[in-house]
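Participant: This is a predicted model, with the sequence first.
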Amino acid sequence: MLRHTFLDDDDESPMVVPAVSVTVRDSSSQTVYTGDATSSGAEWSVSVPGLSQGVYTASWVAGTTATDTTIFEIVGGFLFTVPEARSSDFDLGDTARFPASDVRHYREVVEAEFETITGRSFVPRVTSVEVTADGTSSFFLGYFDVTALNAISGPSGPVDLTGWHVDRTGFVWSPDTPVEGDRYTITFTYGFPQVPEDVKRVGLLRLRSLLTAERSGIPDRATAFVAHEGGNFTLATPGRAGYETGIPEVDATLKRYRFGVFLDALGVSR
């Protein structure tokens, strides 16, 4: 189910529109669904038939009044479920203060952050990259834990995958040697088949730190503080001394999953 609310750009109040149509396109801009949305107050929704994993674009058209575009992704799992998040902290059980939409949003934030830090996805995903032939029979996708090739498109269109293969480090081999300079779009599946328990645990820690940030009386820019009970404390600050999130257990766990030496050797910045 996709949901969307049109907002006035000036005062961010919900816009009242008479009817909305929705068009969903895949990463290759092919239309996979089109239909009319239904409304519940200012919110419009549409039920889209089952889609395969990948990134999609939804165009919400309210006649000549407004057109909004949203991007969503179908993935093979999550770092943790909403019930797991609620049971991980007493405060998160408050559905009024932390509605499911907020929990889901910050779960996506945590998943994206973890992938950026480690260069790896802890859930199965599908994506596409464009690569250029360099006169050899191989390409490097720039992703790890690659499990399958889904589709390849070259200068002459779709490519028969027979003879092509990929390994988990993200190298793809062609059965022949593509012409140097030719560009190919490769769609593939990557990521862990199941979330490691230590990553799930620190994912929940990171979620709680984001959702309950206002509980801390420490200013956002502080690098140290003095407790009322006495004692000086130095904070683990993101971007300093190797910390990424500023939560030692989270950063230590994620560091174990980085292929730092491998990435440095390839000259890849992730």
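Facilitator: Cool, got the structure.
Participant: in stretch 180-193, what counts as buried?
Facilitator: 184, 185, 186, 187, 188, 189, 190, 191, 192 (16 or more other C-beta atoms under 10 Å). Quick note: C-beta positions are derived from backbone N, CA and C, even for glycine.
Participant: ugh, wrong one, stretch 17-34
Facilitator: In stretch 17-34, counting by 16+ other C-beta under 10 Å, buried: 17, 20, 21, 22, 24, 25, 26, 33.
Participant: Are we agreed that the first one is in a helix?
Facilitator: No. Counting by DSSP: H, G, I helix; E, B strand; the rest coil, residue 17 is located in no helix; its state is coil.
Participant: give me every residue that touches it.
Facilitator: Residue 17 is in contact with 6, 62, 63, 65, 66, counting by C-beta atoms under 8 Å, 6 or more residues apart in numbering.
Participant: Not counting sequence-adjacent ones, nearest residue to it?
Facilitator: Among residues not flanking residue 17 along the chain, residue 62 sits closest, at 3.7 Å (C-beta to C-beta, 6 or more residues apart in numbering).
Participant: re the thing from before, looking at the contacts of residue 17, which is nearest residue 76?
Facilitator: Proximity of the contacts of residue 17 to residue 76 (C-beta to C-beta) peaks at residue 6, which lies at 31.2 Å.
Participant: Give me the pLDDT value at that closest one.
Facilitator: The model reports residue 6 with a pLDDT of 91.
Participant: my guess is it contacts residue 63, does it?
Facilitator: No. Under the criterion of C-beta atoms under 8 Å, residue 6 is not in contact with residue 63, lying 11.2 Å apart.
Participant: still on that earlier bit, can you lay out the contacts of residue 17 as TSV showing distance to residue 45?
Facilitator: Listed next are those as TSV, based on distance: C-beta to C-beta, whole Å:
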residue	distance to residue 45
6	13
62	14
63	18
65	18
66	16
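Participant: that older thread, select from the buried residues of stretch 180-193 every entry located in strands.
Facilitator: 184, 185, 186, 187, 188, 189, 190 (DSSP state E).
Participant: now what about whatever helix or strand residue 105 lives in, what contacts it?
Facilitator: If you go by DSSP states H and E, residue 105 is part of helix 100-118. Here helix 100-118 makes contact (C-beta under 8 Å, 6+ apart) with 78-80, 82, 85-86, 92, 121-123, 199, 203, 206-207, 210-211, 244-245, 254, 257-258, 270.
Participant: Can you give me every residue that contacts the residue nearest to residue 195 when sequence neighbours are not counted?
Facilitator: Take residue 195 and drop its neighbours on the chain: the residue closest to it by C-beta to C-beta, 6+ apart is residue 122, 5.0 Å away. Under the criterion of C-beta under 8 Å, 6+ apart, the neighbours of residue 122 are 79, 111, 114, 115, 191, 192, 195, 196, 199, 203.
Participant: Please report how far the fifth one lies from residue 111.
Facilitator: Counting by C-beta to C-beta, to the nearest Å, the separation of residue 191 from residue 111 is 10 Å.
Participant: Please identify every residue contacting each of these two.
Facilitator: Common neighbours of residue 191 and residue 111 (C-beta under 8 Å, 6+ apart) are 121, 122, 123.
Participant: Closest to residue 131 out of those?
Facilitator: For the shared contacts of residue 191 and residue 111, the residue nearest residue 131 by C-beta to C-beta is residue 121; the value is 18.9 Å.
Participant: got a list of what that closest one touches?
Facilitator: 111, 115, 143, 145, 190, 191, 192.
Participant: now it: how far from residue 145?
Facilitator: 7 Å.
Participant: what residues are shared contacts of those two?
Facilitator: Listed contacts common to residue 121 and residue 145 are 190, 191, 192; contacts here mean C-beta under 8 Å, 6+ apart.
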